[in-house]
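Engineer: Next one to model:
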Amino acid sequence: MNKKLLCAALMGGLSLAQAANAQVADDRWYLTGSAGMNIQDNDRDTRNAPFGALGVGKFLNDNWSLDGELNYQNPNFDDNQDLNWSQYGISFDARRFFNAEGRNWAPYILMGLGYQRSEEEFDNFPDPNSPGERKEGNVAAKVGVGIQSALAGKRAAIRTELAYRADFDDGTPDAGPGTLRDESWYGDLLASVGVVIPLGAPAVAPPPAPAAPSCADLDDDGDGVNNCDDKCPDSQAGQTIGPDGCPVP
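Structural biologist: As a prediction, the model looks like this:
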């Protein structure tokens, strides 16, 4: 994989996250679904392939959310497309949103940790059991950037994301029989568009408290002059009252 291209993409996303702010949080649990392209590490000798993901998550506060997500991809080998190679896994991703008032979208950065399982066939000729088969799971880590529309009070939000996943798979078979590639991990680029669907009805804000009455609306001594203008607030019944609330001859 072109590491310079990856770094440029992530740095550009981080610059966008620092330059723009929004408010997107919602206190409801939500479901996520996304689809995109898995740009495979060149050292895998596999072709780029589409991938899909499903997950569930929740905002922890106005700036942070936590998602659990399942993913699946099924690319083909460059040399032999009849051999199977599939990968699926789970990740737990924390997203940090950059919020401010007055906007209905927000950039974010993400960090994730998970588990990826690979199932692949490899050429094991001249062994009669060729092709061989390998099934192995390993730890994976993920970083990335994205943009999400507002979720608060909405039925759904849109999320676009660019992430880099380090797959610590050190047991991938080589093209030759009985040998392994000299790789301790692979780096795949994940570009996706997804939807975020909240569960349940949005929270309804309580009505504003009624405004406290002002002195202009009160007349404690009942003399027809409001408390603001009444300079004699203890007038007695039967007195002739002037415009200042005080008795006159």
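Engineer: Please make it C-alpha for all contacts and neighbour counts, starting now.
Structural biologist: Noted.
Engineer: residue ranges with poor pLDDT in this protein?
Structural biologist: Applying pLDDT under 70 to the chain flags residues 1-23, 78-82, 122-132, 171-183, 202-205, 220, 237-238, 244-245.
Engineer: now the helices for it?
Structural biologist: 3-19 (DSSP state H).
Engineer: what residue is smack in the middle of it?
Structural biologist: Nearest residue to the geometric centre of the chain (CA atoms, centre = their mean): residue 95, 5.3 Å.
Engineer: Next, the contact list for that residue, please.
Structural biologist: By CA atoms under 8 Å, 6 or more residues apart in numbering, the contact list for residue 95 reads 64, 65, 66, 108, 109, 110, 111.
Engineer: Could you measure from the closest residue to residue 77 other than its chain neighbours over to residue 84?
Structural biologist: Leaving out its chain neighbours, the residue that sits closest to residue 77 by CA to CA, 6 or more residues apart in numbering is residue 46, at 4.2 Å. With distances taken as CA to CA, to the nearest Å, residue 46 is found 11 Å from residue 84.
Engineer: So these two - more neighbours on which side?
Structural biologist: residue 46 (19 against 16; other CA atoms under 10 Å).
Engineer: Could you check how far the more buried one is from residue 95?
Structural biologist: The gap separating residue 46 from residue 95 is 30 Å, by CA to CA.
Engineer: what do you get for residue 159?
Structural biologist: For residue 159, the distance to residue 95 (CA to CA) stands at 12 Å.
Engineer: Quick check: neighbours shared by these two?
Structural biologist: Listed contacts common to residue 159 and residue 95 are nil; contacts here mean CA under 8 Å, 6+ apart.
Engineer: does residue 134 have beta-bridge partners, and which?
Structural biologist: residue 120 (DSSP bridges).
Engineer: Please report the distance of the residue nearest to the centre of the chain from residue 108.
Structural biologist: 6 Å.
Engineer: Likewise for residue 30?
Structural biologist: 17 Å.
Engineer: Looking at those two, which is more packed in?
Structural biologist: Higher neighbour count among residue 30 and residue 108: residue 108, with 27 against 20, using other CA under 10 Å.
Engineer: partner residues bridging the more buried one?
Structural biologist: Beta-bridge partners recorded for residue 108 (DSSP bridges): residue 97, residue 146.
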